[in-house]
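Peer 1: Pasting a predicted model and its sequence here:
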Amino acid sequence: FVCSGFRLPAARSVCIGNSVRHRTPVAHSTADIVSSLRDLSPLRIDRVRDAAASKLFKHLLAEYHYLGYSGTVGENMKYMVYDRLQRPLACLLFGSAAWKVASRDEWIGWKPSLRQMNLPFLTNNMRFLILPWVLVPHLASHILASIARRISDDWTERYGHPIYLLETFVEQDRFRGTCYRAANWIRVGQTQGRSRNDTDRTLKVPVKDVYLYPLIPHVREVLSRET
């Protein structure tokens with residue numbers, strides 16, 4: 001139901017591709033947040049650690065992100081963003097970098113053996129959701145910049161190694177990548193429009209722009225160096 005901007009949706013599942021993603025209902029406000037960034041500051045960016053935050057995070061992505069939420073495998077980092085009134089504004093999920101991306105690999109300049117060795121120093125921004133009732137100019141690029149300043153330390157604390165490079169894929173038919181460009185991410189090319197499991201090269205998937213964000217100076221030299 002919806003009442004005065006407060007919503008408790010019914011539990012349901014949604015089929016996307018070959019997966020079924022169950023949406024556990026979580027009460028949350030859907031009241032419009034139309035404001036300047038200054039009026040909402042200071043923002044709070046929390047790593048998702050406890051069960052309650054995790055439940056809300058999963059529900060919001062499953063309910064409002066066009067790709068949904070189907071869980072994570074391997075190293076990952078989840079963030080929730082709140083305004084000064086503790087209202088949720090956004091969710092971000094970072095996970096394992098793509099195994100092979102031609103434009104990224106050419107930009108770095110590494111050979112396959114070094115890619116295998118150094119891929120853990122990359123992470124993929126798999127999901128970035130500004131909640132649909134939040135209309136705040138420059139919010140997305142501000143969040144990306146804030147995350148970039150802390151994610152390597154967060155990763156080191158949790159997994160014992162830093163992150164040197166962020167990557168993301170922006171679906172061309174849906175988005176322009178404006179917030180990534182505003183946050184100084186680098187567009188290095190595009191995907192080839194094929195699934196990684198398409199050995200016969202017959203299955204077409206949406207073409208995506210490939211964006212990268214270096215977290216350290218001389219990142220290409222570092223990632224192309226044998227350790």
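Peer 2: Nice, I can see it.

Peer 1: which stretches of this structure form helices?
Peer 2: 37-40, 51-64, 102-108, 112-118, 139-159, 178-182, 219-223 (DSSP state H).

Peer 1: Those helices: which one's closest to residue 93?
Peer 2: When these are ranked by proximity to residue 93, the top entry is helix 51-64, at 7.0 Å, counting by C-beta to C-beta. C-beta: built from backbone N, CA, C; applies to glycine.

Peer 1: Out of the helices of the chain, which is closest to residue 80?
Peer 2: helix 51-64 (5.8 Å).

Peer 1: ok, back up a step: okay if I get the helices of the chain as a markdown table plus mean pLDDT, distance to residue 24 and mean neighbour count?
Peer 2: Conversion of those to a markdown table gives the following (pLDDT from 0 to 100; distance: least, C-beta to C-beta, whole Å; neighbours: other C-beta atoms under 10 Å):
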| stretch | mean pLDDT | distance to residue 24 | mean neighbour count |
| --- | --- | --- | --- |
| helix 37-40 | 97 | 28 | 14 |
| helix 51-64 | 96 | 6 | 18 |
| helix 102-108 | 96 | 35 | 17 |
| helix 112-118 | 93 | 37 | 14 |
| helix 139-159 | 98 | 25 | 17 |
| helix 178-182 | 96 | 29 | 17 |
| helix 219-223 | 97 | 39 | 16 |
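
Peer 1: I'd like to know which of the ones you listed is closest to residue 205.
Peer 2: Of all the helices of the chain, helix 102-108 sits nearest to residue 205, with 14.9 Å by C-beta to C-beta.

Peer 1: next one: the closest one to chain centre, how far?
Peer 2: 20 Å (C-alpha atoms, centre = their mean, to the nearest Å).

Peer 1: and of the helices of the chain, who's closest to residue 189?
Peer 2: Smallest distance to residue 189 across the helices of the chain (C-beta to C-beta): 2.6 Å, for helix 102-108.

Peer 1: what sits up against the closest one?
Peer 2: 98, 115, 165, 167, 186, 188-192, 210, 212, 219-220, 223-224 (C-beta atoms under 8 Å, 6 or more residues apart in numbering).

Peer 1: Then stretch 37-53?
Peer 2: Stretch 37-53 is touched from outside by 33, 54, 57, 77-86, 89, 136-139, 142-143, 146-147, 150, 154, with contacts defined as C-beta under 8 Å, 6+ apart.

Peer 1: Ends of it, what's the gap?
Peer 2: Taking C-alpha to C-alpha, to the nearest Å as the measure, stretch 37-53 stretches 23 Å from start to finish.

Peer 1: count of neighbours near the closest residue to residue 150 other than its chain neighbours?
Peer 2: Closest residue to residue 150 apart from its sequence neighbours, by C-beta to C-beta, 6 or more residues apart in numbering: residue 45 at 7.5 Å. Close neighbours of residue 45, defined as other C-beta atoms under 10 Å, add up to 18.
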